Structures are given as C-alpha cells and as structure tokens.
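S.K.: got a structure for you, letters missing:
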C-alpha cells in the first residue's frame with residue numbers, strides 16, 4: 001500500500017480572526033454608538049417625567065375645580081401671621097378631590113399640620129404633589145416654629161412630606177418697588193380669603209394658579225445645583241404639602257439666585273435661578289419674611305417650568321420669558337393683556 005503525501009494545498013485554510021487594530025476599531029464604533037444613544041435615552045426619560053409632571057398638575061387642576069363646584073369657593077390657605085398657630089394649607093383641602101378621602105378624614109383641622117395627631121397624614125407622600133424630575137422624592141420638611149430662638153441646631157426636617165407644586169398667592173410688593181411697571185396684585189389662590197372664579201377677571205386661561213417650585217425645602221440654584229445638603233445651613237422656608245408657607249408669593253430673582261427681588265432688570269431672571277430665598281440658620285420669625293414662605297418658581301426640566309392655569313390647562317413656560325409677562329400671568333385682576341405668543 002502506498003501512502004499519499006499530504007501537500008500544503010490539502011490542509012484546511014487557517015480561520016480568519018480580528019487583528020488588534022480591527023478590534024480597537026469595533027470598540028471605538030460601539031463607544032460612539034453608546035455616546036450617541038445615551039443622550040437620546042436621557043431625553044426620552046426626561047420627556048416621560050415631564051409628561052407625568054404635566055399629568056399630576058392637571059389632576060390638581062381637576063381637584064381645584066371639583067372643590068369649587070362642591071363648596072362654591074376656591075381653596076385658600078388659612079394662615080395667621082403669628083407663630084405657633086393652627087394653620088391649614090390649600091393643598092390639604094384638596095385631598096378628598098385627589099382620591100385621598102381617607103387621609104382627609106384622618107386629618108384634624110383643629111390642630112396644626114405638624115401636631116402629632118396629624119403627622120400620620122402629613123408625613124405621607126402624595127405623588128400627585130410631586131414632579132418625577134425632582135430629586136429626593138422622599139425628602140421631608142420641618143416645622144420652623146421650633147427654631148424661634150434662632151440658629152440651626154433646633155431645625156428638624158424629618159416631619160412632613162413635600163410638594164413640588166405651589167399655589168400662587170400674588171406678587172411680592174418689593175418687586176413692584178424695584179420695577180414700577182409691574183402691577184402688584186393677588187393671585188388665584190390668595191391666603192385667608194374666600195375666592196371664586198368670578199374674581200379671576202383676567203380670565204381663567206390667562207392666569208396661573210399653581211407653579212412648580214421643586215426640590216424644597218433643600219435650596220437649589222441654577223444648574224441645578226444643590227447649595228447644601230444640610231438644611232440647618234441652607235433651606236427654603238416651605239416645601240411640605242401640608243404647610244400654607246409652601247404657597248408662593250412671586251418675586252423675580254437675580255441670575256445667580258442670591259437676591260430676591262433683583263436690583264435691576266439687567267440682573268434679573270423670571271424663574272429657575274433658585275427655588276427660594278435662603279433662611280437656613282436665621283432666627284425665626286425671619287427678619288424680612290416673618291413667618292411667611294420664601295419659595296420661588298423652579299423646576300428640574302431642562303427647558304422651563306410647568307404651570308397650571310386656572311382653566312385647568314398645563315403649559316411649559318420657557319425660562320427666557322419676560323419678568324413682567326410672568327408677573328402679569330400670576331395676578332388675577334390687573335387687566336394685563338398677555339398673548340400666548342409672549343410666553
């Protein structure tokens with residue numbers, strides 16, 4: 001038997017593989033694709049969160065209208081000026097119209113929102129009050145009456161759940177002093193008043209009823225940037241959904257968020273410079289604000305803030321809007337003519 005010599009051509013061809021250069025090229029292509037996809041994914045997620053925020057505010061609008069239909073008046077925060085008094089927030093009154101009837105039945109309106117009798121209710125998170133884009137959804141607000149001696153050591157923020165939406169009670173008179181062209185007036189949901197839709201003479205579709213004031217009581221500035229994670233050092237007076245001090249008296253802000261109201265139009269921005277004036281470490285009552293809240297319009301959306309108009313519609317307003325235009329949208333009866341194209 002003769003053996004056959006195996007030639008090189010009879011051997012199977014060697015398998016082709018990636019060279020190091022080809023592997024690096026593939027990795028680079030994958031990295032580029034990931035870099036392109038991540039912003040798109042983040043944008044889609046933010047769009048979904050903003051849509052949920054819009055829906056939450058629409059639910060609040062439906063609740064306000066249901067409240068008015070049932071009681072023939074608008075919800076208004078009951079808020080005496082003195083410290084250590086019984087206070088009842090406008091948002092608390094909306095609970096039975098937000099499918100939270102059981103919470104409302106458990107709430108004792110004869111004592112304050114921070115009373116131990118009410119804490120099982122007021123410490124509960126109500127997602128309708130919150131924006132999904134806002135960080136720390138389980139953050140809590142405190143009771144400033146406990147720090148009347150001044151200084152940060154007595155502040156305890158671990159009491160009540162928060163809201164990222166604030167009822168508009170009007171324009172800060174200080175803003176009118178700085179910018180006389182701006183008409184100072186009250187908003188749709190002023191405190192300590194029995195209001196009705198008929199008093200919104202500028203039109204329900206032309207008057208803002210609630211605005212975003214997100215992240216409270218933590219103090220945020222444009223970026224968004226958390227000023228300090230310790231509320232004893234920096235915080236907004238306001239944030240708890242049960243607190244009447246979480247209502248919003250509008251005052252434009254300096255662009256760096258440190259002055260409310262700004263000293264001049266050149267240094268001013270309508271909103272999103274800060275979510276409020278800093279009261280951290282100050283004595284209570286505050287030397288400027290007294291017992292009042294210090295919130296300002298602010299959101300974690302990249303293009304502006306959501307606002308709820310009195311007709312129940314929700315619109316996203318860009319932060320480049322003129323201060324006078326935004327102020328005119330908040331007052332209910334100053335006869336300002338504001339076209340939708342202005343915002």
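M.R.: Good, I have the coordinates. Fair warning: this is a prediction, and the values are worked out from it, not measured in the lab.

S.K.: Next secondary structure after the longest helix seen in the chain?
M.R.: Using DSSP state H to define each element, the chain has its longest helix at helix 20-71. Later in the chain than helix 20-71, the nearest helix or strand by DSSP states H and E is helix 90-93.

S.K.: and that following helix, what does it pack onto?
M.R.: Contact here means 3 or more CB pairs under 8 Å, 6 or more residues apart in numbering; DSSP states H and E; on that basis helix 90-93 packs against strand 165-171. The C-beta positions use only the backbone N, C-alpha and C, and glycine is treated the same way.

S.K.: what's in contact with the strand it packs on?
M.R.: Residues outside strand 165-171 that contact it (CB atoms under 8 Å, 6 or more residues apart in numbering) are 56-57, 60, 75, 77, 90-91, 129, 131, 182-191, 208-213, 238, 246-251, 295, 297, 308, 327, 330-331.

S.K.: do stretch 182-195 as well
M.R.: The contact list for stretch 182-195 (CB under 8 Å, 6+ apart) reads 64, 73-79, 90, 167-173, 175-176, 200, 207-210, 244, 247, 250, 310, 323-324, 327-328, 330-334, 336.

S.K.: Which members of the contacts of strand 165-171 are positioned in strands?
M.R.: Among the contacts of strand 165-171, the members found in strands (DSSP state E) are 208, 209, 210, 211, 212, 248, 249, 250, 308.

S.K.: Report the two of the residues you listed separated the most.
M.R.: Spanning the widest gap among the ones in strands among the contacts of strand 165-171 are 249 and 308, at 16.9 Å by CB to CB.

S.K.: ok, back up a step: narrow the contacts of strand 165-171 to those that are buried.
M.R.: Burial by neighbour count, 16 or more other CB atoms under 10 Å: within the contacts of strand 165-171 this picks out 56-57, 60, 75, 77, 90-91, 129, 131, 182, 184-191, 208-213, 238, 246-251, 295, 297, 308, 327, 330-331.

S.K.: what's near enough to touch the spatially most central residue of the chain?
M.R.: Residue closest to the average C-alpha location in the chain (CA atoms, centre = their mean): residue 214, at 2.3 Å. The contact partners of residue 214, taken as CB under 8 Å, 6+ apart, are 131, 133, 134, 164, 220, 275, 298, 299, 300.

S.K.: Return the closest of those with respect to residue 266.
M.R.: residue 298 (21.2 Å).

S.K.: and the closest residue to the closest one other than its chain neighbours, how many neighbours does it have?
M.R.: In this structure, residue 298 finds its nearest non-sequential neighbour in residue 275, 3.5 Å apart by CB to CB, 6 or more residues apart in numbering. Neighbourhood size, residue 275 [other CB atoms under 10 Å]: 33.

S.K.: how about residue 275, phi and psi?
M.R.: Residue 275 has phi and psi values of phi -90, psi 10 when expressed as degrees, to the nearest 10.

S.K.: Please name the residues that touch it.
M.R.: 213, 214, 215, 216, 219, 220, 236, 295, 296, 297, 298.

S.K.: Residue 137 now?
M.R.: Shown in contact with residue 137 (CB under 8 Å, 6+ apart): 125, 127, 130.

S.K.: Looking at the residues you listed, state which has the most neighbours.
M.R.: residue 130 (22 neighbours).

S.K.: related to what we said a few turns ago, pLDDT and distance to residue 314 added to the contacts of residue 137, as TSV?
M.R.: Listed next are the contacts of residue 137 as TSV, based on pLDDT from 0 to 100; distance: CB to CB, whole Å:
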residue	pLDDT	distance to residue 314
125	97	21
127	96	16
130	98	15
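
S.K.: Out of the residues you listed, which is nearest to residue 317?
M.R.: Nearest to residue 317 among the contacts of residue 137, counting by CB to CB, is residue 130 at 19.5 Å.

S.K.: Could I get the contacting residues of the residue nearest to that closest one when sequence neighbours are not counted?
M.R.: Leaving aside its chain neighbours, residue 130 sits nearest to residue 164 (5.1 Å; criterion: CB to CB, 6+ apart). Listed by CB under 8 Å, 6+ apart, the contact set of residue 164 reads 53, 129, 130, 131, 134, 212, 213, 214, 215, 216, 299.

S.K.: which one of the residues you listed sits closest to residue 114?
M.R.: Taking CB to CB as the measure, residue 114 sits nearest to residue 216 out of these, at 16.0 Å.

S.K.: residues touching the nearest residue to the closest one once chain neighbours are set aside, list them.
M.R.: Spatial nearest neighbour of residue 216, chain neighbours left out: residue 239 (3.2 Å); criterion: CB to CB, 6+ apart. Residue 239 is in contact with 139, 141, 162, 163, 216, 217, 218, 246, 295, counting by CB under 8 Å, 6+ apart.
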